[in-house]
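Asker: I would like to see how this sequence folds:
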Amino acid sequence: MSGILAYLVASLLYGLIGWHFWRTRWKAPTNTAGGATISAGWERYAILAPLALHGFTLYESVFAGVGLNFGVGSAVSAIVWLTATIYWLSGFFYRLEGLQTLVAPVAAVAVLLPLAFPSLRPLANTELPAFKAHISIAMLAYSLLTIAALHALLMAVVERRLHHPAMPSVLTNLPPLLAMERLLFRVIWAGFILLTLTLISGIVFSEEVFGQPLKFTHKTLFGIVSWCVFAALLVGRQFYGWRGRIAIRWTLAGFIILLLAYLGSKFVLEVILRR
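Answerer: Residues are numbered from 1 along each chain as shown. Next up, the predicted model:
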């Protein structure tokens, strides 16, 4: 019962933080003096409470028993937790207030997913160093590219409402679109490098366990397609100056394909086929 309570309290705290930022940032009228958008000291650190509880619940769900219990619920929850943690750390260097309202409600749902979709069995071969490296790098890559997708969505909202007479104050106080775009590509570059390492470590893991360079599945196919989409986006940015809506669309397309690569296959196998 105490374990379930930790899930519920973490979800509630995430929800309250999301509601607070929705009410004070998105729904508040624009304050030309800037007072409505200056973060109070407690706001910066308030998310640490649900993050700590979320991390505790992940530890309990993933490391319970022998091996790693890394089902689809725990996988999504871990990616969202890493995303929220990286986002919180990035907030000390960049103005990312607008993402608070997007990240918190998603985390409020994600923290409960291990309860709704528990792992059916521990993962095999979790004692192998190659597997541990592969999982760690993959989770970081997914998290950074999740941040890139959320950032792209925020850019799309800002671009759509750029000339709106009554924009939320949080949008008017964000950095200029060009600055947000530069930050987007920095995140994509970091995520792309980690995604590349994920594919390479997956090949190493396949050789170590199965004795063959690569076991070609739909998961591998979607992973490679996603890598190609992000590679094309970075090449287009470098040589053709892709920006604005083109960059946003390619970012979201690559992210959706990446979701299908891992989480989609785990959802079908564990939730639908119960395997």
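Asker: quick check: the gap between residue 132 and residue 146.
Answerer: Computed as C-beta to C-beta, to the nearest Å, the residue 132 to residue 146 distance reads 21 Å. All C-beta spots, glycine's among them, are computed from the backbone N, C-alpha and C.
Asker: the more surrounded of these two?
Answerer: residue 146 (24 against 15; other C-beta atoms under 10 Å).
Asker: that one reaches residue 79, doesn't it?
Answerer: Yes - using C-beta atoms under 8 Å, residue 146 is in contact with residue 79, at 6.2 Å.
Asker: where in the stretch 1-150 of the chain is pLDDT low?
Answerer: 1-2, 25-41, 64-67, 95-99, 120-127 (pLDDT under 70).
Asker: all helices for the protein, in order.
Answerer: 2-21, 41-46, 48-62, 72-90, 97-110, 113-116, 129-160, 169-172, 177-210, 218-240, 244-259, 265-266 (DSSP state H).
Asker: residue contacts, the nearest residue to residue 254 once chain neighbours are set aside?
Answerer: Of all residues not flanking residue 254 in the chain, residue 229 sits nearest, at 3.8 Å (C-beta to C-beta, 6 or more residues apart in numbering). The contact partners of residue 229, by C-beta atoms under 8 Å, 6 or more residues apart in numbering, come to 250, 253, 254, 257.
Asker: how near is residue 200 to residue 218?
Answerer: 20 Å.
Asker: equivalent analysis for residue 247, please.
Answerer: 27 Å.
Asker: repeat that for residue 15.
Answerer: 35 Å.
Asker: out of those two, which sits in the more crowded spot?
Answerer: residue 15 (16 against 12).
Asker: what is the neighbour count of the closest residue to that one other than its chain neighbours?
Answerer: Among residues not flanking residue 15 along the chain, residue 108 sits closest, at 4.4 Å (C-beta to C-beta, 6+ apart). By the measure other C-beta under 10 Å, the count of residues near residue 108 is 22.
Asker: for residue 136, same thing?
Answerer: For residue 136, using other C-beta under 10 Å, the count is 14.
Asker: and residue 240, by the same measure?
Answerer: Neighbours of residue 240 (other C-beta under 10 Å): 9.
Asker: ok, now residue 204?
Answerer: 16.
Asker: how close does the nearest residue to it once chain neighbours are set aside get to residue 203?
Answerer: Using C-beta to C-beta, 6+ apart and skipping residues adjacent in sequence, the residue nearest residue 204 is residue 130, 5.0 Å away. As judged by C-beta to C-beta, residue 130 and residue 203 stand 10 Å apart.
Asker: tell me which residue lies nearest the centroid of this structure.
Answerer: When C-alpha atoms, centre = their mean is applied to the chain, the residue found nearest the centroid is residue 146 (3.2 Å).
Asker: now do the contacts for it.
Answerer: Contacts of residue 146 by C-beta under 8 Å, 6+ apart are 79, 80, 83, 255.
Asker: can you tell me how far the residue nearest to the first one when sequence neighbours are not counted sits from residue 258?
Answerer: Spatial nearest neighbour of residue 79, excluding adjacent residues (C-beta to C-beta, 6+ apart): residue 142 at 4.7 Å. Going from residue 142 to residue 258 by C-beta to C-beta gives 7 Å.
Asker: what does residue 105 give?
Answerer: 21 Å.
Asker: who's more crowded, those two?
Answerer: residue 258 (26 against 17).
Asker: just the pLDDT for the residue nearest to the more buried one when sequence neighbours are not counted.
Answerer: Spatial nearest neighbour of residue 258, excluding adjacent residues (C-beta to C-beta, 6+ apart): residue 226 at 4.1 Å. Among the per-residue scores, residue 226 shows a pLDDT of 94.
Asker: count of neighbours near residue 226?
Answerer: For residue 226, using other C-beta under 10 Å, the count is 25.
Asker: also residue 12?
Answerer: 14.
Asker: gap between it and residue 20?
Answerer: 13 Å.
Asker: same deal with residue 53?
Answerer: Counting by C-beta to C-beta, the gap from residue 53 to residue 20 is 17 Å.
Asker: quick one: which of these two has more around it?
Answerer: Taking other C-beta under 10 Å, residue 53 and residue 20 do not tie; residue 53 has more neighbours (21 against 15).
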